[in-house]
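>>> no sequence on this one, just coordinates:
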């Protein structure tokens, strides 16, 4: 700071702003493509196709790798095992205890006929197998629903973010154009 009393004095001097329009660079507004929204669908379709092809390749290679001749023979289930498995699956432990107690009592007293202890008809085993498949498929459907919901939420979030940035870009372009016109007007007035 100067102590000679010029501390608060300001001087205006004339300055000119050079017009940069002669630098052969054309300032234009950048157009925004509206077909951006279709791109994520293409990427998703391609990803699904890739996953399906990988699964098919894996299935084909596993079939080729199997050794012929080794097979598992499933013996039919007897009635008491079928009932026990059902009670265990349903979590009915008290009923299972009662069933086992009565079943072994009847066996000890030889009150069970051969018809009572034969194998379970195939249709019951098939129904149980189908029931297990249905439960597994429902779990898988729920998993895919959750994945689809997450993907939809992500898509909505990204679309909102894109719209925000698009609007911000338009605002910046408008401000830039306004500033350029103000500068040109100032230069024109100054000259």
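Yep, it's here. Quick caveat, the model's predicted, so the values are computed rather than measured. Numbers count the residues shown, from 1 in each chain.
>>> nearest spatial neighbour of residue 88, skipping sequence neighbours?
residue 96 (6.4 Å; C-beta to C-beta, 6 or more residues apart in numbering). C-beta here means a position set from N, CA and C on the backbone, and glycine is covered the same way.
>>> what is the burial count for that neighbour?
By the criterion of other C-beta atoms under 10 Å, residue 96 has 17 neighbours.
>>> now whatever helix or strand it lives in: buried residues?
Element membership for residue 96 (DSSP states H and E) is helix 93-108. Under the neighbour-count criterion of 16 or more other C-beta atoms under 10 Å, helix 93-108 has 96, 99, 103 buried.
>>> helices of this protein, start to end?
Under the criterion DSSP state H, the chain carries helices at the ranges 39-65, 79-90, 93-108, 122-190.
>>> deepest-packed of the ones you listed, please.
Ranked by mean neighbour count, the helices of the chain are led by helix 79-90 with a mean of 15 (mean count of other C-beta atoms under 10 Å).
>>> and the angle from that one to helix 122-190?
Per axes from the mean of the first three to the mean of the last three C-alpha atoms, to 10 degrees, the angle that helix 79-90 makes with helix 122-190 is 30 degrees.
>>> average pLDDT for helix 79-90?
Average pLDDT, helix 79-90: 83.
>>> check stretch 167-186 too.
For stretch 167-186, the per-residue pLDDT averages 93.
>>> same thing with stretch 150-162?
Per-residue scores along stretch 150-162 average to 94.
>>> these two touch, right, the residue nearest to residue 88 and residue 86?
No: in this structure, residue 96 is not within contact of residue 86 by C-beta atoms under 8 Å, at 9.3 Å.
>>> before we move on, the earlier item: any chance of the buried residues of helix 93-108 in CSV, with distance to residue 53 too?
Formatted as CSV, the buried residues of helix 93-108 follow (distance: C-beta to C-beta, whole Å):
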residue, distance to residue 53
96, 47
99, 50
103, 52
